[in-house]
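**Q** Here is the input, now give the coordinates:
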Amino acid sequence: MPQKTLADTLAARETVYVNCGHPMCCKSTKLDVQALIDRLSPDHGAMHWDLVGVFGCSSCKVAGRDRRPVFFTIIPDYEGHQKERNRDWKPDLRERVTRKKMAGANWWGWGSWGSTPARRSIFQVRRSNKLAGRSLARMA
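**A** Numbers count the residues shown, from 1 in each chain. Below you'll find the predicted structure:
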């Protein structure tokens, strides 16, 4: 009994690509898993060694290149996983706001450092000095 069958792959809604292993070709084709089940059987294995003998690159055959082994890329159904994972999730905005207030953060998530010069960056110090100089010049 194979570890994973084509029926398991179809049930998991996984996308399967077959890729040519020849460095001059590297062709990639998306497989129709249902058509593959109709051709082979639902109990046929879906692992690499179960499918590698079934496929060969037609472009390499036409070009007269030697036959290289193909390899497979299986992409899970990420959208289905996300829906399953986030099914019961609800945003709790009150918790986020209170956490920011406790940390003294402003709206973009950075902490407000007050007027302590030792904890301010050089850019903040330069900017505050420029603004202070402008306001003093206007008053005079």
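**Q** Residue ranges in this structure under the pLDDT threshold?
**A** Under the criterion of pLDDT under 70, the regions of the chain flagged as low confidence span 1-2, 91-140.
**Q** pretty sure Asp8 is in a helix, no?
**A** Yes. Assigned with DSSP: H, G, I helix; E, B strand; the rest coil, Asp8 falls within a helix.
**Q** Tell me if I'm right that it and Ala46 touch.
**A** Yes. Applying Cβ atoms under 8 Å, one finds Asp8 in contact with Ala46, separated by 6.6 Å. From N, CA and C alone the C-beta is placed, and that goes for glycine too.
**Q** Can you get me a residue count around Gly21?
**A** When neighbours are defined as other Cβ atoms under 10 Å, Gly21 has 15 of them.
**Q** before we move on, what about Tyr78?
**A** Under the criterion other Cβ under 10 Å, the count of neighbours that Tyr78 has is 10.
**Q** quick one: it and Asp8, what's the gap?
**A** 17 Å (Cβ to Cβ, to the nearest Å).
**Q** Val70 too?
**A** Taking Cβ to Cβ as the criterion, Val70 is separated from Asp8 by 21 Å.
**Q** Check Cys25 too.
**A** From Cys25 to Asp8 the distance is 30 Å (Cβ to Cβ).
**Q** Now do the domain split for this protein, please.
**A** The chain breaks down into these structural domains: 6-85, 93-139 (assignment by automatic domain parsing).
**Q** residue contacts, the residue nearest to Ser41 when sequence neighbours are not counted?
**A** Nearest-residue entry for Ser41: Leu6, 7.6 Å, with adjacent residues in sequence omitted and distances by Cβ to Cβ, 6 or more residues apart in numbering. The neighbourhood of Leu6, defined by Cβ atoms under 8 Å, 6 or more residues apart in numbering, consists of 33, 36-37, 40-46.
**Q** one more time with 10 Å, if that's ok
**A** Residues in contact with Leu6 (Cβ atoms under 10 Å, 6 or more residues apart in numbering) are 16, 31, 33-34, 36-46, 50-51.
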